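Student: With the sequence up front, the predicted model follows.
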Amino acid sequence: MAPMADTYDFRNIERPWQERWEREQIYIADSDDPRPKYYTMEMLPYPSGDLHVGHAKNYTLGDAVARTMRMLGYNVLHPMGWDAFGLPAENAAIARGIDPGTWTKSNIANMERQVRLMGTGYDWRREVATCDPEYYRWNQWLFLRLYENGLAYKREAPVNWCPHDQTVLANEQVIDGRCWRCGHLVERRNLSQWFLKITDYADRLLAGLDELDGWPERTKTMQRNWIGRSTGVTLKWKIEQSDATFETFTTRVDTIFGVTFVVLAPEHPAVAAIKSIVSKKNAAAIETFAESLQSKSELERTSLMEKEGVATGAYAINPLSHERVPIFVANYVVAEYGTGAVQGVPAHDERDFEFAKKYGLPIAQVIAQSDVGVDAPLTEPYTGEGRLIASGDFTGMRSERARDVIAEHLKAAGIGGKTVHYRFRDWLVSRQRYWGTPIPIVYCERCGEVAVPDDQLPVLLPADVPITGEGSPLARDEQFINTTCPSCGGPARRESDTMDTFFESSWYFLRYLDARNDAAPWAIDHARHWMNVDQYIGGAEHTVLHLLYSRFFYKFFHDQGWVSGSEEPFQRLFHQGMVLYNGEKMSKSRGNVVGIDETADKNGVDAMRLFLLYVTPPEDTSDWTDEGITGRVRFLNRVWRASEPFLAAAADVSPRELPPIASAEDRSLVRAVHVVAKSMVDEVSSRRFHFNTTIAKLDELVNAMTTAAQKTPDSRAFLYAVHALPLLLAPYAPHIADELWSRLGHATSIHLERVIEPEDAALEVDEITLVVQVNGKIRARINAPPGIAEDEAIALALADPNVRAQMDGKEVRKRIFVPDKLVNLVVA
RNA sequence: GGGGAAGUGGCGGAACGGCAGACGCAGCCGCCUCAAAAGCGGCCGGGGCAACUCGUGUGGGUUCAAAUCCCACCUUCCCCA
């Protein structure tokens, strides 16, 4: 269908504008600009190949924010990049024999084209791709700084192993016992791995959340829960007939007299000592039990499997009561969590209760729920507070107080004391895969573990490595592996692990600031000027992973003096909702992906952007519908018809100056302009970003203009609206806005203009509708001048026949008056 | 099991203690047209001829006034275990 003269001909209008914006570099931002800075960005995408409208929702939202802030006079930095390392590239290599680098680069090229196609305004000079050696070189550099500061270390540990992806995973990347990427059940293996000591920053990561007013509460709560700080008591236990000891951690030391057994993780070091003192039969049983759990994941052991254990035959001595209690090994205690040993208090802990029931262990109640005392045996554990019973010297004390008193007592006796415990653990960053940043460490026969010196960075990822999906590709590459020791010059082997891709996405927002710096990851001056990020926009799936890692890195950078100001990288955070199609998440396998190219070609980019912003508030999940976008195509056509024929006449009517008002229609038209202007500003300053309401108000304005175009096309108010409309459309529908603007005779892009400042004079109305209620029910609506006084309003209300009929001569008990809104007469 | 968020016409949503359903989609009627599409105008929660009346998941409460605040319950979704 050929575009008619009275429709917005997006096919011939949108692309030329994108080219012109590019040519004129209108979106570049520099730190020497005198305007106040505003740093906003969306989470960088993984270049999977094609963008769909779900991506578009994210970038359109960010773009609308960036454009509005620019129009409000800010020096807006809005950059873009690619999270370009990761498994899909390797999987493509396995499936189709394509080189991961080639695959990734062609995806980036395509997606970059699509991002430009969406009309999103980025400062492309700052673009980064994390697989670029000039980027990952600084990954390695940062890794070495962490290493020097004792924050990167290698140790053998039981780790999460994904048998499908053939690599280890960080705890944060295991969701319900499954690999976050491929969904396969994770196994446990003992491997020597690189960790980052994020736990050193636990308290600062917690404290920092308190200052993040611009973050969703949910996200902060989830991070707090993930870190999982708890305060309790660590106490030391002796094993009968052995020199071996172990420690337990408990938040309920007040129940110490209720311990009737202890449980060790089968991997606990003290288990070896126990095996040497118990009977051969017992030792063998422990061994068999431990072996049966070897590859079981933590989730299986602690949640999925029934609680099972084996009595070791050994006994431990309660450090306080000196009672002798049996030692068990059990599946539900994991060596990596806490001390790897748990004191069993079945009367007051659910898991212990379950275990004691199963193995017929005594249940000793030591906390009484009421002051009355124990009346009946427990049928379920009591986990609340109460008064201590059967607890030696501490009997009769309130449990809350007993926790402190007992802790003091243990400390004085040298057998324990208060400690803080965290649920999260150090960040495992090794990956046994090819497409990632090589860890810059070599192993020398003579010198051991040696850091690659800075001047030998980057350690380049070798090309032409066979990728089979089995084992680590780099470990097999002799050319890569064999090297010389930077310290002694002797033969050495390179680390074959690459870094978790979350490493590079933890600091990319700093590289944007100084993307081409080849002497440092960024210059501190740039960080000082731009940080922190004023507004960060991205999906809620990153609440723990990426956002926690980035906060950790940023605090480390702060300690190194590489950034200044706030210790938090992201001042404000916004999670946009997903886009569904036919009620389902878009995915290639389901075949329900709505692509950018098709949509742009069929409906135009401005219509797509408007639809995505209009359909729901941005934080909600929205449904893509073909009817819905049609509505926005129609809207743009209405804009065109109500503006385009009048542009010549409107050229001389300034949108910066209120026009003369000749009629009520004039007034409401001018008011409609300012209602939109106010909404546009309010939605960014409140950071609510509910542009759906702004666009609804734009609809109202355009509807009013459509009427005026037919009735009073010569009125100054109408022509004022024609000239103002593009300024109101600019953040959401940038192409049509610039096209109309240029046809109004402006030589420079509308995106360098200021917003229309909402003016109170224009927002005023000359008549308000006063709602009159009798006993809270609406009985009349009266037109009245704004600012009408209470007495007058009530007099008008009482004069209304309908109101009088309802009052039925009864006495007015109370009069409620809400200025310009409502009168409520309470009668009886 | 614990915590959180949400429930409004046929649909997406608006209203953040004060006119419920803005705006859009779908639908219906009309104009235009040979006809259709597009466009333009109108109608569009239920009941009632009407005055009115009922209505924001369910039940209570606070208030002159509740979609909005509080309590309980139901349902859905998301986290954690």
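Tutor: Alright, I've got the coordinates.
Student: all contacts plus neighbour counts: C-alpha atoms, from now on.
Tutor: Fine.
Student: Could you report the distance from residue A:11 to residue A:819?
Tutor: Here the criterion is Cα to Cα, to the nearest Å. By it, residue A:11 lies 51 Å from residue A:819.
Student: now swap in residue A:696 and tell me
Tutor: With distances taken as Cα to Cα, residue A:696 is found 27 Å from residue A:819.
Student: For the nearest residue to residue A:759 once chain neighbours are set aside, pull up the helix or strand it's in.
Tutor: Nearest residue to residue A:759, sequence neighbours excluded (Cα to Cα, 6 or more residues apart in numbering): residue A:674, at 6.7 Å. Secondary structure here is read from DSSP states H and E; on that basis residue A:674 sits in helix A:664-685.
Student: Same question for that helix: list its buried residues.
Tutor: Counting neighbours by 16 or more other Cα atoms under 10 Å, one finds that the buried residues in helix A:664-685 are A:665-684.
Student: likewise stretch A:559-571?
Tutor: Using 16+ other Cα under 10 Å as the burial criterion, the residues of stretch A:559-571 that qualify are A:562-564, A:567-571.
Student: got TSV for the residues you listed, with distance to RNA strand B too?
Tutor: Rendered in TSV, the data for the buried residues of stretch A:559-571 read as follows (distance: Cα to the nearest atom of the strand, whole Å):
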residue	distance to RNA strand B
A:562	32
A:563	30
A:564	31
A:567	24
A:568	21
A:569	22
A:570	20
A:571	21
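Student: now, which of these sits nearest residue A:358?
Tutor: When those are compared for distance to residue A:358, the smallest value, 48.9 Å, is given by residue A:568; criterion: Cα to Cα.
Student: Got the confidence number for that closest one?
Tutor: What the model reports for residue A:568 is a pLDDT of 95.
Student: got it, and residue A:373?
Tutor: On the pLDDT scale, residue A:373 gets 48.
Student: Same check on the one 4 residues further on?
Tutor: Per-residue pLDDT puts residue A:377 at 63.
Student: what do you get for the one 4 residues further on?
Tutor: With respect to pLDDT, residue A:381 scores 79.
Student: who are the neighbours in contact with residue A:38?
Tutor: For residue A:38, the contacting residues are A:69, A:74-77, A:530, A:533-534, taking Cα atoms under 8 Å, 6 or more residues apart in numbering as the criterion.
Student: quick one: it and residue A:68, what's the gap?
Tutor: Distance of residue A:38 to residue A:68, computed by Cα to Cα: 11 Å.
Student: near RNA strand B, which residues of the stretch 551-700 of chain A?
Tutor: Contact residues of the stretch 551-700 of chain A with respect to RNA strand B, defined by Cα under 7 Å from any atom of the strand, are listed as A:615-617, A:620-623, A:627-628, A:630-632, A:634, A:637-638, A:690, A:692-693, A:695-697, A:699-700.
Student: out of these, which are buried?
Tutor: In terms of neighbour count (16+ other Cα under 10 Å), the buried residues within these are A:615-617, A:622-623, A:628, A:630, A:632, A:637-638, A:690, A:692-693, A:695, A:697, A:699-700.
Student: so residue A:784 touches residue A:767, yeah?
Tutor: Yes: proximity of residue A:784 to residue A:767 meets the contact threshold set by Cα atoms under 8 Å, at 5.6 Å.
Student: so what's residue A:61 up against?
Tutor: A:613, A:618, A:689.
Student: which element is it on?
Tutor: For residue A:61, the element it lies in under DSSP H and E is helix A:53-71.
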